[in-house]
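K.L.:
When you get a sec, could you give me coordinates for this:
(2 chains)
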Amino acid sequence: MSENLIGYIDDQGNIIDTQSAGENCTATPIEYDNSEASLEIIRHSTAHLMAQAITELYPNSQFFVGPVVDEGFYYDFRVDEKIGEEDLKTIEKKMKELIKKKYKIEKYEMSKAEALEKFANDDLKQKVMSRITDDVLSVYKQGEFEDLCRGPHVPALRFLHNFKLTRVAGAYLGGDENAEMLTRIYGIAFADKEALNAHMLMLEEAKKRDHRKIGSEMELFMFNEEAGAGLPFWLPKGARLRNKLESILHKAHRMRGYEPVRGPEILKSQMWHTSGHFACYGENMYLTEIDGQEYGLKPMNCIGHIQIFKNAGKSYRDLPLRYYEYGTVHRHEKSGVLHGLLRVREFAQDDAHIFCTPDQIKSVILEVVEFVDSVMKLFNFNYTMEVATKPEKAIGDDAVWELATQGIKDALIENNLPFDIDEGGGAFYGPKIDVKITDALGRKWQCGTVQVDFNLPERFEAEYVGEDNERHNPVMIHRAILGSFERFIAILTEHYAGEFPFFLAPVQVIFVPIADTHVEYANKLKAELLYKDIDADVYDKNDSLNKRVRNAEKQRVPYVVIIGDEEVANKTVAIRDRRAKEQYNLTQDEFMVKLTQQLQEGKI
RNA sequence: GCCCAGAUAGCUCAGUGGCAGAGCACUUCCUUGGUAAGGAAGAGGUCGGCGGUUCUAUUCCGCUUCUGGGCUCCA
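P.N.:
Residues are numbered from 1 along each chain as shown, chains lettered A, B, ... in the order given. Got it, this is the predicted structure:
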């Protein structure tokens, strides 16, 4: 038996540890390394080692579950003492002490009845066992420490070296927010120090890209305690960026046959009763009273668009009719989930509603999917699609739901577009396609969504006159591509680490005049650029040239342009190209042509 | 909402039961410099807010607001 053997993996991908395998196991051996199977065993054992250390440090602690997760492992437990970040080091130290004792990890089995008896005075273990259907349970033992566990584990503690406890948090027992809150400690483990270090480095890189950090460095947005949580303020640089994104999309919508519209921010509550928002979404709505009438701040834009649709009689010849709005909505998100621009209480959706006939659904979905694809390509995002079906809280007949869900699936299948299913994840008024994008660090985000709705048009009696001269309810397709400007800009910021493509950068060009005598020429160039929709600033503060170049670079400006005697005399510019990381000179005209061309890259 | 940790100058952060600190940013002056920090001086704070303990609270205690890490992943 190899020194490095820690388990086996069978044809079905089941991991069998050495304690369970017996003498003549024929499954494929798992060596101690950074393979997926190996890491699963190592991390699970590290979770146990952590539990053992916690037991020694806090003798009255009781353990719930300690699984391996995408980002390492965790253990949930109940403990009288408060455990903070500081205590993680102490626990790590205790873990290292335990390793030195060279315990083997041993396994034994017992019947469920015996186990219930053995852990009779441990209510958390009782809860764990109540969820297990097997008749025979196993216990793993290392030194004095024993834990009910199905494995798999490494053969001995000597395999555990390269781990790090990363954070401590509260977690509801079983994820139920009405249940007791346990303490959870997260950790990560690898087979060697290099992999651990690489992982820690990746976490640091993610931290450097954090949109909250870059957002404040680049002066994109801010929050204000007195104004309230989750209510972002856009600073000039952030507003420039956002305006650029909005303009790109305005044109993209108009080119695809959408009409701009705009509904009110606040509507009488009766509207929300009719729509079903009150019943299905009421707890997230902000309400107020005006002249004895209750009003609700809109959490979605659909109601407004339906009223606009109903404003004048519609014919089947008008369909599909596409309305879009950068609709500002308010949603009462729980205070604990607010997170920078990623989760806020006021945000603007790039929202559109397409009214169509049932037999247009498929083509409308496909045209929206094409739109999504163009936007994702513009920002170099990979993405996947997920079809979400009827949730528990929903309005409308099952038959209608079935029809709409099948319509979505058919459209995707017929065009060979791959998708996953999210059972029960739909909106309360209809099934949907969710678009999940993958950013530069491989993280996934949900942004765009396409929802088919047979319910709201009927509830609001939105109608069109068909070819048969009869009145019909249109089908309504709700869709957003970015999702919201707030979230999407947060993701873009992290995706690009603040190095936005030229067509989005809040400052696209910054002129650095060497001396006062060069400011006039710089201002003239700046005005010309602004006229061409290119944001330029002149940086003529009384600082050294070096310092101004440094500050401009730190602001991640794509083009830093130095203007001195030579440039003024020859009508040229000396460019420091941050994205291409090179320096070169161009004539004034060449420069204008280059930038104008580059602006075209932002067209879709 | 719940658990844990925080909140000190515009920003990043030291510090203390008894005069409030640094660097950067800001203002003024000198410097007019050819590609990542030139020099000097100055100004800037109800130590998040309210209440309590105390001769004295930014510091200790309570509440509150805001921020951060978490709250699907099943022995």
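
K.L.:
use CA for all of it now, contacts and neighbours both
P.N.:
Noted.

K.L.:
care to break chain A down by domain?
P.N.:
A:5-207, A:214-494, A:509-600 (automatic domain parsing).

K.L.:
can you tell me the average pLDDT over the longest one?
P.N.:
What it means is domain A:214-494. Average pLDDT, domain A:214-494: 92.

K.L.:
Next one: that domain, is it in contact with RNA strand B?
P.N.:
Yes - interface with RNA strand B: domain A:214-494 contributes A:223-226, A:228-230, A:334-340 (Cα under 7 Å from any atom of the strand).

K.L.:
which two from those residues end up farthest apart in space?
P.N.:
The largest separation in the residues of domain A:214-494 next to RNA strand B, counting by Cα to Cα, is between A:E226 and A:V337 at 19.0 Å.

K.L.:
Next, format the domains of chain A as a markdown table and append mean neighbour count.
P.N.:
A markdown table is the format used below for the domains of chain A (neighbours: other Cα atoms under 10 Å):
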| stretch | mean neighbour count |
| --- | --- |
| domain A:5-207 | 17 |
| domain A:214-494 | 18 |
| domain A:509-600 | 17 |
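
K.L.:
Out of the residues of domain A:214-494 next to RNA strand B, name the ones that lie in strands.
P.N.:
Among these, the members found in strands (DSSP state E) are A:F223, A:N224, A:G228, A:A229, A:G230.

K.L.:
can you put those in JSON lines and add distance to A:P264?
P.N.:
Formatted as JSON lines, those follow (distance: Cα to Cα, whole Å):
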{"residue": "A:F223", "distance to A:P264": "25"}
{"residue": "A:N224", "distance to A:P264": "25"}
{"residue": "A:G228", "distance to A:P264": "22"}
{"residue": "A:A229", "distance to A:P264": "23"}
{"residue": "A:G230", "distance to A:P264": "21"}
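
K.L.:
any idea of the pLDDT on A:L201?
P.N.:
pLDDT, read off for A:L201, is 84.

K.L.:
Beyond whichever strand or helix holds it, next helix or strand please.
P.N.:
Per DSSP states H and E: A:L201 is located in helix A:193-209. With elements assigned by DSSP H and E, the helix or strand that comes after helix A:193-209 is helix A:211-217.

K.L.:
Give me the contact list for that next one.
P.N.:
Taking contacts as Cα atoms under 8 Å, 6 or more residues apart in numbering, the residues outside helix A:211-217 that touch it are A:208, A:221-222, A:238, A:340-341, A:490-491, A:493-494, A:497-498, A:555.

K.L.:
Just the closest of those to RNA strand B, please.
P.N.:
Using Cα to the nearest atom of the strand, A:G340 is the member of these that lies nearest RNA strand B, at 4.3 Å.

K.L.:
closest point of the stretch 51-200 of chain A to RNA strand B, which residue?
P.N.:
The stretch 51-200 of chain A approaches RNA strand B most closely through A:C149 (2.0 Å), counting by Cα to the nearest atom of the strand.

K.L.:
wait, what's in contact with that residue?
P.N.:
A:C149 makes contact with A:L137, A:S138, A:V139, A:Y140, according to Cα under 8 Å, 6+ apart.

K.L.:
same check, this time on A:L529
P.N.:
With contact set as Cα under 8 Å, 6+ apart, A:L529 has these partners: A:D535, A:A536, A:M592.

K.L.:
repeat that with 10 Å
P.N.:
Contacts for A:L529 (Cα atoms under 10 Å, 6 or more residues apart in numbering) come out as A:Q508, A:V509, A:N523, A:D535, A:A536, A:D537, A:M592, A:L595, A:T596.
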